[in-house]
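*Asks:* With the sequence up front, the predicted model follows.
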Number of protein chains: 2
Amino acid sequence: MSVDAVGTMRRGRGARKQARQTRDFTMLPALKRGLPLTEPMSQEEIERIDAASMDILENVGVVFRDDIAIADWKRAGADVRDGDRVHLDRGLVRELIKTIPETFTYHARNPANNLPFGRNHAIFVPMTGAPYLRDLDDVRRNPTLADLANFHKLSHMLPAMHSSAHHIVEPYDHPISQRHLRITYSSMKHSDKTFMGMTTSPKNAEDVMEMCAILFGEAFLEDHPVCTGNCNGNSPLVWDETMLGAMRAFNKRNQPVLCSPFVLGGANTPASVAPTVAQLNAEALSALAYTQVVRKGCPAIYGHYLSTVSMKSGAPMAGTPEISLMNLMIGQMARFYRVPWRSSNTLGGAKTFDAQAGYESATTLMALQMAGTNYMWHSAGWNEAGMHCSMAKFVVDAEQCAMAYRMAEGIRWDDFDEALAAVADIGPGGHYLGHPHTLENFQRAFFMPELFDNNSIEQWQAEGGIEVNERALTYTRNLLDAYEEPKLDAGVNEALLDYIARREREIPAADALNQEL
Amino acid sequence: MSVDAVGTMRRGRGARKQARQTRDFTMLPALKRGLPLTEPMSQEEIERIDAASMDILENVGVVFRDDIAIADWKRAGADVRDGDRVHLDRGLVRELIKTIPETFTYHARNPANNLPFGRNHAIFVPMTGAPYLRDLDDVRRNPTLADLANFHKLSHMLPAMHSSAHHIVEPYDHPISQRHLRITYSSMKHSDKTFMGMTTSPKNAEDVMEMCAILFGEAFLEDHPVCTGNCNGNSPLVWDETMLGAMRAFNKRNQPVLCSPFVLGGANTPASVAPTVAQLNAEALSALAYTQVVRKGCPAIYGHYLSTVSMKSGAPMAGTPEISLMNLMIGQMARFYRVPWRSSNTLGGAKTFDAQAGYESATTLMALQMAGTNYMWHSAGWNEAGMHCSMAKFVVDAEQCAMAYRMAEGIRWDDFDEALAAVADIGPGGHYLGHPHTLENFQRAFFMPELFDNNSIEQWQAEGGIEVNERALTYTRNLLDAYEEPKLDAGVNEALLDYIARREREIPAADALNQEL
């Protein structure tokens, strides 16, 4: 069956070749979900989780290991015991979280890349935080600023990626105490999509906010979310000074953070699905409520990092059925509170980009679509429990996200009657390849992944018998060759570089360990 | 974090080691779905597909290339034109399909392996039909009867596999004309789960039915589904003599067939999702209706083989978003007609067991859970567009099915209050590893895949740095070493062997090509 015949009827071989070579790097709009979500809990069960979480907040309490936060909570009317243990009345929690916007728009420096967010709008964000990468030669090593720049370039070019994130990989060739400045600049410079901001210390977070103020203008930040931070909790039921300080730095500028309990199910939560969600929910609510103490009406995102722990080895696991179930439940809780929510996408523990990595990533990607996740973090590159970011997996994950995007949009009906006329035209035993409806629609009808090989084994062997890891590395090289920088305004660029230079004079390069966790 | 400490408190190291070594081969009961299904179509949209399909059946018609079927249809009151083109009135179709049982029980020779089926009950069935295997040394070659026996043994031992299927691989060391007898015997002998029956010709299908009558008793078949056949349609809108004859052989003994249009979306259907479902639905309905012409009340299963075609290469694709969407829609149609339905599970086009295979398989596995598929065929081993069955992938897929099974069951609430008491016990900053609730529940709380490596890279390297393909082959070898045959009754075994001997004398070994498609 020669399907190239379809094209031949419309235009010459040269034109087709050119069309294949000219990839479209235009970012997909924010995903607008058209599929119904999977909601396993009844209203009664949602309320049961809510009541359990509120009981935890009232009776067990949450430790805020931070003097400013404790003072804030006292002023807000919370019952603080034993110095730092905050008992939160459910009425207070509900009152506070109701000012969190259910939806907002992320603003990028290129307004074409602005993103409606929340409710049925969702975005894909690359992985971050890897201390290693698997590079273009599939070598596992510590990353550099140049590697980070490459990941920001790829994020810029891959249509399903909605953000350039921040430290996709940790650049080891720059002093740790100053690194956040270079990371932020790299996100801003190599892509004109939205990005994330470092929360490795309150001071670092303030630097990120200053740089955002330079990029967007001080006043603009006040009314426009432009940058997302992440604040991890220490489950069970603890928030620490570093995270709370960084949270305040973002909130004071009206920028959103992901309020993310860090759950290793079975180790720092009960060994059970529904109770784990109840604890995680209490933890997320306590931080979400605190964002509103810091600044009423500030956008905030219900977050979590979620794995289950192997009771055989102690290792965190990914792609397990309980993680999928918990994501479904957490989605329901976030919607119950009318707050947008984050989950982690293509998680996995494989050491190489082998079949394990594929199963783990695809399982989680599908679960997140069913769960209706708004902020789909770690959507590209994650492997080895986050210890490395793979350049090969990065582009494959991004294509998988584009496929999930298409699925989650739902069904098109616009050509239904026209196509049924084709069924009558073709009749029993025919084929559709030359039919006008096919010629008009084949480009958009069925997603054609570029990174999956569906040819015969003979053709695959003739092309060198190359597995997906190596095919993806070639693809990545070609993509980077085709990169064009979305230039920053010269004045803004200069101001950013001046700021970095000044701060790098101020921050001792050697003072590493106190600056970053 | 040493989670082994959990075990240490309860029993000695020797006991734990033994528990790890003693795998439980007990078959999981038929999956009873507890998660809500993903239903993208409104009632109006379901009726729109139904109306479109009925229009096709009435106005375009379906070709039945088979004299007996044409005579049957004329007797049933259908409008037959041009010799073999059957125009089916929607009233007639609805009248016929309403006698198809919505649920039934599959009976296995071991009654402990009987399976409720239909509505929210579902089963996993291995792949079949591969002309090659990737063997225990990862060599791609033509299979033998011994290879087939190994796959039947694995199907018997893997808890999530509910069937030993039939020709999982095609045994090339036996004459093609007689092969169906040996295949059927292998299914029956090496496993006491339910199985599938060959439909490669009407005569072959009759042999399968005779062997079922020997195994279960002639009269038992009359009231008990014991064996499933598959009949592929030739889309668009054609059923051929071989398939229809085989279908009749099964239906006359009251055994179910999968009525499976063979769809290459865009090539033999319109290049569009909803219209493809409308055509496929018309095709499936025409065969489902015919089963009831052959024998009113006979169980039958709404089937399909579904891929989309790359308009760049002509190759069939798997794991694409449109296939997921179509599965969701087809599930709704089958439930609208109150007929159980089949889909294909871990499809993919990868040539090796690389990450592509993992993504493709997991995507489809998740889509099938969302769609509510009852008969999940091709659930283990499929690779290279069905051209080979991989011994490594077979066991990994089976474990993935066990994980999907756990997810699809839904949420347990039985220990909710008890676990919340643990949250209060532990309090902020503690850990749960030694808590009584954890000790009681850790074994069942979170699925621990045996074939995925979640250890540190250091430990993984110390263990040889082995990827999942090789780990799975070792696992498969160990599994086969531990196999114990579920012995057939001696008299039944002798009768089966006598039947095979007689039929092999009757069927010329050389008369290959006329016997099998």
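*Replies:* Looks like it came in fine.

*Asks:* List the contacts of residue A:246.
*Replies:* By Cβ atoms under 8 Å, 6 or more residues apart in numbering or on different chains, the contact list for residue A:246 reads A:199, A:200, A:201, A:202, A:204, A:205, A:229, A:231, A:257. In short, each C-beta sits where N, CA and C put it, glycine included.

*Asks:* Distance check, the last one against residue A:164.
*Replies:* Remark: distance between residue A:257 and residue A:164 (Cβ to Cβ, to the nearest Å) = 18 Å.

*Asks:* What of the second one?
*Replies:* In this view, residue A:200 and residue A:164 are 18 Å apart by Cβ to Cβ.

*Asks:* same deal with the fourth one?
*Replies:* Look at residue A:202 and residue A:164: by Cβ to Cβ, they are 23 Å apart.

*Asks:* Compare neighbour counts for those two and give me the winner.
*Replies:* Comparing residue A:202 with residue A:164 by other Cβ atoms under 10 Å in any protein chain shown, the one with more neighbours is residue A:164, at 26 against 20.

*Asks:* who in the stretch 201-350 of chain A is up against chain B?
*Replies:* Contact residues, the stretch 201-350 of chain A versus chain B (Cβ under 8 Å from any Cβ of the partner chain): A:234, A:236-238, A:265-275, A:278-279, A:308-322, A:324-325, A:328-329, A:349-350.

*Asks:* ok, the helix or strand containing residue A:74 near chain B or not?
*Replies:* Using DSSP states H and E, residue A:74 sits within helix A:67-76. No: using Cβ under 8 Å from any Cβ, helix A:67-76 stays clear of chain B, coming no nearer than 13.6 Å.

*Asks:* Where do the helices of the stretch 201-350 of chain A begin and end?
*Replies:* Counting by DSSP state H, counting those that start in this stretch, the stretch 201-350 of chain A has helices at residues A:202-216, A:218-223, A:241-252, A:273-294, A:321-337.

*Asks:* Now do the buried residues in the fourth one.
*Replies:* Just to be clear, that refers to helix A:273-294. Across helix A:273-294, burial judged by 16 or more other Cβ atoms under 10 Å in any protein chain shown covers A:273-294.

*Asks:* so how far is that helix from its chain's centroid?
*Replies:* 20 Å (Cα atoms, centre = their mean, to the nearest Å).

*Asks:* Low-confidence stretches in chain A?
*Replies:* A:1-22, A:510-517 (pLDDT under 70).

*Asks:* Quickly list what the spatially most central residue of it is bridged to.
*Replies:* Note on chain A: the residue nearest the mean C-alpha position is residue A:377, at 1.7 Å, using Cα atoms, centre = their mean. Assessed by DSSP bridges, residue A:377 has beta-bridge partners residue A:344.

*Asks:* Next one: it relative to chain B, how far apart?
*Replies:* 19 Å (Cβ to the nearest Cβ, to the nearest Å).

*Asks:* Give me the residues contacting the helix or strand where residue A:500 lies.
*Replies:* In the assignment (DSSP H and E), residue A:500 maps to helix A:490-506. Identification of contacts with helix A:490-506 by Cβ under 8 Å, 6+ apart yields A:178, A:181, A:182, A:185, A:188, A:189, A:207, A:210, A:211, A:214, A:215, A:488.

*Asks:* Since that was my last question, I'll sign off now.
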